[in-house]
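[1] Using only what follows, build the 3D model:
(one chain, ligands or ions: 1)
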Amino acid sequence: MAPIISATQQLPQVSHAVLYSKPTRTGFSLLQSHILYSNRALFYSRSSFRPLKAILNSPSLTKVADDAKEKGEALTLREICLGRVPEHLLRRVEEVGYAVPTDVQKQALPVLFSGRDCILHAQTGSGKTLAYLLLIFSVINTQRSAVQALIVVPTRELGIQVTKVARMLAATPTENDAEQKSCTVMALLDGGMLRRHKSWLKAEPPTIVVATIASLCQMLEKHLLKLESMQVLVIDEVDFMFNSSKQVSSLRKLLTSYSSCNSHQTVFASASIPQHNRFLYDCIQQKWTKRDVVHVHINPIEPMPTCLQHRFVICSKKQRHQTLLSLLQSDAPKSGIIFVGEQSEKSKKAGNGPPTIDLVDFLKTSYGGCSEILLLEEDMNFNSRAASLSEVRQGGGYLLVATDIAARGVDLPEITHIYNFDLPRTAVDYLHRAGRTGRKPFSDEKCNVTSIIMPEERFVLQRYENELMFNCEELFL
Ligand SMILES: Nc1ncnc2c1ncn2[C@@H]1O[C@H](COP(=O)(O)OP(=O)(O)OP(=O)(O)O)[C@@H](O)[C@H]1O
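    All right, here's what the predicted structure looks like:
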């Protein structure tokens, strides 16, 4: 493989030289996109531009994770958490069925328990939630009457889910733990009853608050919540929040205020942090994290779970409904999500109905294989959204027709099939949609992600394949 090209002149943030065999225009831009996406140097073969081997370019950061990995290799969750997380909570963790740590838990927990700020960057469904909750349980003191941990999430749906897991683990201690006061968790989410939350905060502050940023800001402005009392701040789906024009300025303000508090620990989590080295640099510069922040990056060369099989079907726009129907009939999924793109302004102005409703109606009349066809999208009111999600959580077979609102963080482990009725807008969106399946950390069960595309979209899907380093197989129906 030759020649060797140094990428440092073109891309100052990349510190490694790149082994690269064929410096053509397309090859080089592909290479750049890999580097920008992952900040890694890649080794390329002469015959193909697919990466053969990748290495991280921040040895000091990976070393911390490697040391933790070495120490935690064969340990159970209990052993990793012993002496840090109270015994009654550890028992609860085991009762729920969490005995063996996932990779991100194995590597991150020792770092988190050491008090360092941390960026949890690991595949979808890899167990980041439990990792940061265990940190929170290790630092809070239930005898203190103050909010001690804050988890900020981008959507109400994710907030409800995180609250549910936190409450399940923080269940009231048994009689043997009589001296333990139970830990309370408040969900401070858009669409909630803020008046009731105000009274609750005044009367008896909860130990943990899970919040969306707008509701949180209201409480901070009214001085009903004080950042000074918080020991841990978690920002979940951090890249999404920084990309959201509605959330970014409040988030920046929150991080800046929190950074001026005395004793604090900050954790960011996501399966996708594009240009993560740049993000790390910004965090330190802005003092949102301390200088020794650790980037725990799990499985960087496989940003999506390996149990996913990616497929695509090519058809014309008019044939998409029929193609989806044929796919459903041949796959017969017990539970799945069909992702539909946002309706364009042009289509709205033309008086067309929402494509999601159209698809739900079509499936209800044509597809008999599944017991429930449900809808989840931004435009629904909060109660209908909650009703849809609580129905799917009750189990049984269902097909959820959803926009990207269901793509972030939502954990429905029974889902085995994802269909992209419309292609996602970016590779990162593809990753999060795909990540709604394959969510059983220790299972080998194969799950499918199928994209229905028009011929001219093949190029776009190919780009996602290159960026996310996966292979998509064509299906012929
Ligand atoms: N140690 C464990 N043992 C068994 N199951 C686990 C363990 N940790 C987490 N899980 C399960 O794995 C699933 C995914 O966990 P979680 O929702 O935390 O993923 P995530 O990393 O936050 O994913 P995303 O990036 O999509 O939000 C959940 O159903 C959770 O109950």
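[2] so where's this protein uncertain?
    Under the criterion pLDDT under 70, the flagged ranges of the chain are 1-73, 172-180, 369-371, 393, 395.
[3] Those residues of it touching the ligand, which are they?
    For the chain, the residues in contact with the ligand under the definition CB under 6 Å from any ligand atom are 77, 98, 100-102, 105, 124-130, 271, 409, 411, 413, 435, 439, 441. C-betas here are computed from N, CA, C, even on glycine.
[4] Now which of the residues you listed would you call buried?
    In those, burial by neighbour count holds for 77, 98, 101-102, 105, 124-130, 271, 409, 411, 435, 439, 441, counting by 16 or more other CB atoms under 10 Å.
[5] from what I can see Trp200 touches Met186, true?
    Yes - in this structure, Trp200 sits in contact with Met186. The criterion is CB atoms under 8 Å, and the distance is 6.5 Å.
[6] neighbour count winner among the two?
    Counted by other CB atoms under 10 Å, Trp200 and Met186 do not tie: Met186 has more neighbours, with 22 against 16.
[7] Wait, a helix at that one?
    No - assessed by DSSP: H, G, I helix; E, B strand; the rest coil, Met186 does not belong to a helix; its assignment is strand.
[8] which stretches of the stretch 301-450 of the chain form helices?
    320-331, 345-349, 355-366, 382-393, 427-434 (DSSP state H, counting those that start in this stretch).
[9] Now mean neighbour count too, for those helices, in CSV please.
    Converted to CSV, the helices of the stretch 301-450 of the chain look like this (neighbours: other CB atoms under 10 Å):
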stretch, mean neighbour count
helix 320-331, 17
helix 345-349, 10
helix 355-366, 16
helix 382-393, 16
helix 427-434, 24
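[10] Dump those into a markdown table; add distance to Val152 as well.
    Written out in a markdown table, the entries for the helices of the stretch 301-450 of the chain read as follows (distance: least, CB to CB, whole Å):
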| stretch | distance to Val152 |
| --- | --- |
| helix 320-331 | 36 |
| helix 345-349 | 30 |
| helix 355-366 | 28 |
| helix 382-393 | 18 |
| helix 427-434 | 18 |
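[11] Can you flag which of the buried ones among the residues of the chain next to the ligand belong to helices?
    Under the assignment DSSP state H, those contribute 77, 105, 128-130 to helices.
[12] Tell me which helix or strand Asp282 sits in.
    helix 276-285 (DSSP states H and E).
[13] hey, what's in contact with both of Trp200 and Met186?
    Common neighbours of Trp200 and Met186, counting by CB atoms under 8 Å, 6 or more residues apart in numbering, are Pro206.
[14] Break down the stretch 351-477 of the chain into its strands, ranges please.
    Chain-ordered strands for the stretch 351-477 of the chain, with DSSP state E, counting those that start in this stretch as the definition, fall at 372-376, 398-402, 417-420, 447-453, 472-474.
[15] Equivalent analysis for the stretch 151-300 of the chain, please.
    With DSSP E, counting those that start in this stretch as the criterion, the stretch 151-300 of the chain has strands at 185-188, 208-212, 232-236, 265-270, 294-297.
[16] Please convert those to TSV, extending it with distance to Val248.
    Putting those into TSV (distance: least, CB to CB, whole Å) gives the following:
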stretch	distance to Val248
strand 185-188	19
strand 208-212	14
strand 232-236	12
strand 265-270	14
strand 294-297	21
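[17] Which one, of the ones you listed, ends up nearest to Val360?
    With CB to CB as the criterion, Val360 lies closest to strand 208-212 of the strands of the stretch 151-300 of the chain, at 26.5 Å.
[18] and that closest one with strand 232-236, angle?
    Using axes from the mean of the first three to the mean of the last three CA atoms, to 10 degrees, the interaxial angle of strand 208-212 with respect to strand 232-236 works out to 30 degrees.
[19] who's in contact with strand 208-212?
    For strand 208-212, with CB under 8 Å, 6+ apart as the criterion, the contacting residues are 136, 140, 147-156, 159, 162-163, 166, 170, 183-190, 216, 219, 225.
[20] Pull out the buried residues from these.
    Judged by neighbour count, with 16+ other CB under 10 Å as the criterion, the buried members of the contacts of strand 208-212 are 136, 140, 147-156, 159, 162-163, 166, 170, 183-189, 216, 219, 225.
[21] Just the ones in helices from those, please.
    The helices, defined by DSSP H, take in 136, 156, 159, 162-163, 166, 216, 219 from the buried ones among the contacts of strand 208-212.
[22] that older thread, make a markdown table from the strands of the stretch 351-477 of the chain and add mean neighbour count and distance to Leu325 to it.
    Converted to a markdown table, the strands of the stretch 351-477 of the chain look like this (neighbours: other CB atoms under 10 Å; distance: least, CB to CB, whole Å):
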| stretch | mean neighbour count | distance to Leu325 |
| --- | --- | --- |
| strand 372-376 | 18 | 12 |
| strand 398-402 | 25 | 11 |
| strand 417-420 | 24 | 11 |
| strand 447-453 | 23 | 11 |
| strand 472-474 | 13 | 19 |
